[in-house]
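Enquirer: Sequence isn't available, so here's the structure alone:
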């Protein structure tokens, strides 16, 4: 019963994340509506929990998102999966300090990888169907630059604010215990 409740809880969380993404797209003004909240949620989950949980959460979020997407099926899902898999590997194998700069760097890299993978998968599906490229390369990445920068800055801001409340990454409790 506990496993079923945990599954339902995470399914509701996944649905709420997608709803928040749609809310941001519809109700925020132009440059701020480009914040990719799904990537923000999954990236912060990578930092604060295990990699396995985050990888498994990509599946229901992607399925919910793909049901409302007008792009090719699985292009966005595969882009999320591979970009977060690479960023998760880099976060836990190379960038182990989890400082604000590392979070900014890895989130920017993750968003760039997401857009590169999305561009490649969408155009590969288009070429397989014997159609022209979906987007010209220059226009696609020029439009994506706003999303990359705003999402990376949003992730870094949230991370720095959460550091004040989370004891796991906040070393201040070590110094308080030494003074006693």
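Expert: Looks like it came in fine. Predicted model, so just to flag it, every value in this text is computed and none were measured.
Enquirer: residue contacts, the spatially most central residue of the chain?
Expert: For the chain, the residue sitting closest to the mean C-alpha position, by CA atoms, centre = their mean, is residue 39 at 1.7 Å. Neighbouring residues of residue 39 by CB atoms under 8 Å, 6 or more residues apart in numbering: 80, 84, 110, 111, 114, 151, 155. All C-beta atoms are positioned from the backbone trio N, CA, C, and that covers glycine.
Enquirer: how about 7 Å then?
Expert: 110, 111, 114, 151 (CB atoms under 7 Å, 6 or more residues apart in numbering).
Enquirer: Helices of the protein, start to end?
Expert: 2-27, 37-48, 51-68, 75-93, 100-128, 137-163, 172-179 (DSSP state H).
Enquirer: Check what pLDDT residue 71 gets.
Expert: For residue 71, the pLDDT comes out at 75.
Enquirer: And for the one 3 residues further on?
Expert: pLDDT recorded at residue 74 is 82.
Enquirer: So residue 57 is in contact with residue 14, correct?
Expert: Yes - between residue 57 and residue 14 there is a contact under CB atoms under 7 Å: 6.3 Å.
Enquirer: So which of the contacts of residue 39 is surrounded by the most neighbours?
Expert: residue 110 (28 neighbours; other CB atoms under 10 Å).
Enquirer: ok, now which ones touch the residue nearest to it when sequence neighbours are not counted?
Expert: Among residues not flanking residue 110 along the chain, residue 87 sits closest, at 3.8 Å (CB to CB, 6 or more residues apart in numbering). Contacts here follow CB under 7 Å, 6+ apart; on that basis residue 87 touches 106, 109, 110, 113.
Enquirer: Please apply the same query to residue 110.
Expert: Contacts of residue 110 by CB under 7 Å, 6+ apart are 39, 43, 83, 84, 87.
Enquirer: Quick one: neighbours of the closest residue to the fourth one other than its chain neighbours, just the number.
Expert: Put plainly, it is residue 84. Excluding its sequence neighbours, the residue lying closest to residue 84 (CB to CB, 6+ apart) is residue 42, at 5.6 Å. Residue 42 has 23 neighbours, counted by other CB under 10 Å.
Enquirer: Next: residue 1.
Expert: 5.
Enquirer: Return the distance of it relative to residue 37.
Expert: Distance from residue 1 to residue 37, counting by CB to CB, to the nearest Å: 31 Å.
Enquirer: same deal with residue 110?
Expert: In terms of CB to CB, residue 110 sits 14 Å off from residue 37.
Enquirer: Also residue 116?
Expert: 20 Å.
Enquirer: same deal with residue 66?
Expert: 16 Å.
Enquirer: and those two? which has more neighbours close in?
Expert: Comparing residue 66 with residue 37 by other CB under 10 Å, the one with more neighbours is residue 37, at 18 against 15.
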